[in-house]
Each structure stands twice: as structure tokens, then as C-alpha cells.
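The sequence isn't on hand, but the structure is:
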């Protein structure tokens with residue numbers, strides 16, 4: 001007759017105590033312990049000495065400990081009513097398991113523990129508990145962006161927080177709960193732009209014809225003192241072809257590529273001295289059939305030699321400060337030969353109409369060989385792609401400083417096991 005390991009489960013260290021007692025294994029005819037039905041690994045259950053109706057504090061960790069030297073824990077899964085997993089770590093010797101991600105407030109959890117004794121006989125136990133809800137708390141809501149729809153492969157996913165988060169530990173909790181998945185899959189990471197804004201992008205551009213989903217698992221999770229996760233509406237985006245427009249300012253030309261193949265080369269003019277077009281990768285922000293452009297909006301004094309007030313058609317915006325790709329019929333003679341604009345990329349009306357009709361929000365416009373500065377990463381549109389992947393990952397509270405590869409929560413998450 002084999003005896004099971006006695007397993008003690010401690011939730012919040014002192015609040016919930018589960019004592020798993022001795023069980024008996026019914027051996028099969030060949031007396032091989034692994035051929036027996038798993039025994040019930042619990043003999044008695046108590047919640048801090050009560051009948052089991054006491055709720056536990058979500059601020060404290062969940063811990064499961066094997067009490068015998070010859071027995072060990074082989075697997076633990078902890079899920080809430082929505083199927084979300086609590087991330088945890090199992091000691092190499094199977095002596096204990098503890099949670100490494102926070103529990104949610106006001107939630108119901110199911111714990112599944114698998115064990116084996118010194119002879120290798122398996123034991124299993126399923127138990128449940130609920131967590132308390134704090135009386136006073138501030139709620140952190142999340143708004144994902146952009147709006148649902150179809151975008152180019154350069155479109156970042158954004159997350160706007162209703163409450164600033166400065167502490168790194170709190171940022172790690174937030175970031176772990178904000179999930180972005182794509183089909184086909186693409187390795188990516190969040191980057192904290194400021195205390196209330198995160199951007200998510202892949203290592204390279206998104207795959208073509210991909211489906212991207214962003215959602216939050218923060219609801220009810222304690223983030224910091226008096227701060228708990230709140231509401232978030234999931235977001236779904238799709239991508240189309242990989243369309244990249246490359247402007248060579250020194251050659252006064254733009255070549256448009258679709259899925260790696262050049263489909264059109266357009267004579268252009270870019271920024272003249274003192275108004276040089278920014279170098280680097282920009283993401284199309286919006287398209288406007290008509291825009292009235294005034295020099296006063298970019299700091300040019302009215303009536304000065306550089307002043308202008310023009311009706312502009314087929315305007316594709318790439319910075320919030322007013323840089324566009326647009327029709328410039330007044331400079332057709334210079335297009336392909338000289339840079340005479342105030343920073344925009346100008347082309348004939350026909351070429352601008354073609355460009356306008358063939359690009360969408362999220363497509364890439366890359367400028368090279370200009371004497372201008374490089375597009376800033378975050379303060380004037382989406383310059384996210386001007387940070388290399390190593391620098392981008394440094395802006396993550398979760399993966400910054402770790403080796404390139406899967407996120408820690410993906411490496412640590414225990415996979416479910418049937419019980």
C-alpha cells in the first residue's frame with residue numbers, strides 16, 4: 001500500500017489553508033502504480049479553520065507546498081471564471097509552487113494540483129476559492145487605438161491609460177495584461193511613450209493580410225496601492241498589402257513598392273534649405289481630399305518671402321505638424337530636379353491622385369538622403385520604426401533588459417492539464 005504526499009495549499013500565506021491528507025492507491029493486477037486511478041490528494045479542507053466560506057486577500061500570493069520529502073508537485077494550474085491563468089513558478093524539486101502574477105479582486109478561482117508519491121503514483125486535487133473586493137479603489141481603464149479597421153503594415157497599436165503609471169513594478173503588471181496577437185504571428189513588444197501611453201509594434205512590419213487583436217486582462221487586477229484594473233474594449237485590426245513609398249530627396253523621386261515589387265516611380269520635390277523634409281520612416285496618419293495650407297500654421301510670418309496660403313488636393317498626412325504628400329501643380333517644373341517645398345513632398349496632381357487612391361492609413365513613407373533631421377519617434381505622429389528593435393524593447397517594463405525572444409509571461413505560463 002503506497003501513501004501519497006501530503007500537500008498543503010496556502011493562499012495569501014495565512015488566509016486560506018488547505019491540508020491535503022493521506023490517500024490510498026488501488027493497485028491493478030500487475031501492481032504497477034502508474035496503472036492505478038489517481039487518488040484524491042486531499043483528505044480534509046479548511047479555510048483558516050472555518051468551513052470554507054472565507055474569502056481571501058488578492059494582494060497576497062498563492063502558494064502550494066508538498067509536506068513530504070518523497071512526494072512532489074508535478075503541475076499546478078490556477079484559472080479564474082473567465083479562463084485566465086495565474087502565472088506561477090514550480091520549484092525544480094517539486095517542493096512548492098507560488099504565483100508570480102497578481103490575483104484579481106472579487107474573482108472566483110479554480111486550482112488544479114497534480115502530485116506523485118515516492119513510487120510515482122499520481123494524485124490530483126481540484127479546489128476553489130474567492131477573493132475579496134477592496135472597499136476603496138481607483139480604477140485604471142484602457143483605450144486601444146486606432147479605431148477598428150484595415151490598415152497598412154506599419155500601423156502601431158496604442159493603449160491610452162486613464163490613470164498615469166510610473167512605478168516599474170506596476171507597469172509590468174499593466175503590460176503583462178495588455179495582449180496583442182496576430183495571425184500570422186509576429187514577435188512584438190510594448191513601449192512606454194509616457195506614463196499614460198503605450199505603443200505596440202512588431203520587430204518588423206506586420207505580416208500582410210494579417211488579423212491583429214488587442215485585449216486587456218487587467219479587470220480586477222491590483223496594479224498598485226488603491227489602483228485596480230478596470231474596463232477595456234477589445235480591438236481588431238487587419239492589414240492589406242505591404243506598401244512602402246521610398247522618397248530619395250537627393251534624387252527628387254519617390255518609388256512605391258507593393259509586397260517588395262516596385263510599382264511606380266514619381267518625380268517629386270521635397271523641402272528646400274531651411275525647410276528640409278524629415279528623414280526616416282513615417283506612418284500615414286490620414287488622407288484628406290482638400291486641405292487649405294497656410295504658412296502661419298508652421299510659424300512663417302504672414303507677408304514674408306516664405307509666406308503661403310494655398311488650396312491643396314490629394315493630401316496624405318505623415319506628421320501632425322503638417323508634413324504631407326500632396327498635389328503641387330505650381331512646382332511641376334521643379335519636380336524631379338530641385339527641392340523647393342516647405343517640407344512636404346509635392347508631385348503632379350495626377351501622381352498625387354494615384355498615390356492618394358493606392359495608400360491607406362498605416363502604410364509606410366520613408367524619406368532618405370534629405371538634409372533634414374530624423375523623424376522623432378513619438379511627438380509628431382508615428383515615428384516608432386525609427387527606433388531599432390533593441391532600443392524599442394528597452395522601453396518595455398516587461399522585456400526591457402531581457403534576451404530577445406518570447407515575452408516572460410509566455411515562457412512562464414503553465415499549460416493546462418486535464419484532470
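Yes, it's here. The structure displayed is predicted, hence computed values, not measured ones.

How far does stretch 142-151 stretch from one end to the other?
End-to-end distance for stretch 142-151: 21 Å, by C-alpha to C-alpha, to the nearest Å.

and if you look at stretch 124-142?
Stretch 124-142 stretches 39 Å from its first residue to its last (C-alpha to C-alpha).

Could you list the buried residues of that stretch?
Counting neighbours by 16 or more other C-beta atoms under 10 Å, one finds that the buried residues in stretch 124-142 are 124-125, 127, 129-132, 137, 140-142. Where you see a C-beta, it was placed from the backbone N, CA and C, and this is true even at glycine.

What is the lowest-pLDDT residue among those?
Lowest pLDDT among the buried residues of stretch 124-142: residue 137, with 72.

OK, contacts around that one?
Taking C-beta atoms under 8 Å, 6 or more residues apart in numbering, we find residue 137 in contact with 105, 226-228.

and the residues you listed, which of them are in strands?
227-228 (DSSP state E).

got a markdown table for the buried residues of stretch 124-142, with secondary structure and distance to residue 204 too?
Compiled in a markdown table, the buried residues of stretch 124-142 are given as follows (DSSP: H, G, I helix; E, B strand; the rest coil; distance: C-beta to C-beta, whole Å):
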| residue | secondary structure | distance to residue 204 |
| --- | --- | --- |
| 124 | strand | 44 |
| 125 | strand | 46 |
| 127 | strand | 45 |
| 129 | strand | 44 |
| 130 | strand | 44 |
| 131 | strand | 41 |
| 132 | coil | 45 |
| 137 | coil | 40 |
| 140 | strand | 31 |
| 141 | strand | 31 |
| 142 | strand | 26 |
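
re earlier: narrow the contacts of residue 137 to those that are buried.
105, 227-228.

Among these, which one lies nearest to residue 327?
Set against residue 327, the nearest of those by C-beta to C-beta is residue 227 (49.9 Å).

how near is the closest one to residue 165?
Separation of residue 227 from residue 165 (C-beta to C-beta, to the nearest Å) stands at 8 Å.

Now list whatever residues contact both of the two.
Here residue 227 and residue 165 share the contacting residues residue 140, scored by C-beta under 8 Å, 6+ apart.

Max pairwise distance over the buried residues of stretch 124-142: which two?
124 and 141 (39.2 Å).

and whichever strand or helix holds residue 79, what other elements does it pack with?
If you go by DSSP states H and E, residue 79 is part of strand 72-80. Applying 3 or more C-beta pairs under 8 Å, 6 or more residues apart in numbering; DSSP states H and E, one finds that strand 72-80 contacts strand 62-66, strand 88-90, strand 96-99, strand 108-116.

switch the cut-off to 6 Å
Applying 3 or more C-beta pairs under 6 Å, 6 or more residues apart in numbering; DSSP states H and E, one finds that strand 72-80 makes contact with strand 62-66, strand 108-116.

out of everything not next to it in sequence, what's closest to residue 155?
residue 362 (3.0 Å; C-beta to C-beta, 6 or more residues apart in numbering).

can you pull the contacts of that neighbour?
With contacts defined as C-beta atoms under 6 Å, 6 or more residues apart in numbering, the neighbours of residue 362 are 151-152, 154-155.

from those residues, which is closest to residue 266?
Closest to residue 266, out of all of the contacts of residue 362 and judged by C-beta to C-beta, is residue 152, at 18.1 Å.

Any figure for the gap between the closest one and residue 237?
10 Å.

Residue 204 too?
When C-beta to C-beta is the yardstick, residue 204 and residue 237 sit 17 Å from each other.

What of residue 93?
When distances are taken as C-beta to C-beta, residue 93 and residue 237 turn out to be 45 Å apart.

Show me which of those two is the more surrounded one.
When residue 93 and residue 237 are compared on other C-beta atoms under 10 Å, the one with more neighbours turns out to be residue 237, at 23 against 10.

Give me the below-cutoff pLDDT ranges for the stretch 1-150 of the chain.
Along the stretch 1-150 of the chain, the parts satisfying pLDDT under 70 run over 1-54, 67-69, 135-136.

Please disregard the earlier target; I meant the stretch 151-300 of the chain.
When residues are selected by pLDDT under 70, those of the stretch 151-300 of the chain lie in 295-299.

any idea which of the buried residues of stretch 124-142 is closest to residue 241?
residue 142 (30.1 Å).

Quickly list what residue 286 is bridged to.
Partner residues in beta bridges with residue 286, using DSSP bridges, are residue 317.

okay, the helices and strands packed on strand 72-80, which one's buried deepest?
Burial of the helices and strands packed on strand 72-80 is given as mean neighbour count (mean count of other C-beta atoms under 10 Å); strand 62-66 ranks first at a mean of 22.

Mind giving me the packing neighbours of it?
Contacts of strand 62-66 with other secondary structure elements, assessed using 3+ C-beta pairs under 6 Å, 6+ apart, are made with strand 7-11, strand 72-80, strand 96-99.

Point out the most buried one among the ones you listed.
Buried most deeply of these, by mean count of other C-beta under 10 Å, is strand 7-11, with a mean of 22.

quick one, what contacts the residue lying closest to residue 363 once chain neighbours are set aside?
Nearest residue to residue 363 in three dimensions, chain neighbours excluded: residue 152, at 3.3 Å (C-beta to C-beta, 6+ apart). Residue 152 is in contact with 360, 362-363, counting by C-beta under 6 Å, 6+ apart.

Among these, which one sits closest to residue 170?
Closest to residue 170, out of all of these and judged by C-beta to C-beta, is residue 362, at 30.5 Å.

is it true that that closest one lies in a helix?
No: assessed by DSSP: H, G, I helix; E, B strand; the rest coil, residue 362 does not belong to a helix; its assignment is coil.

Give me the pLDDT value at it.
With respect to pLDDT, residue 362 scores 98.

how much space between it and residue 379?
As judged by C-beta to C-beta, residue 362 and residue 379 stand 19 Å apart.
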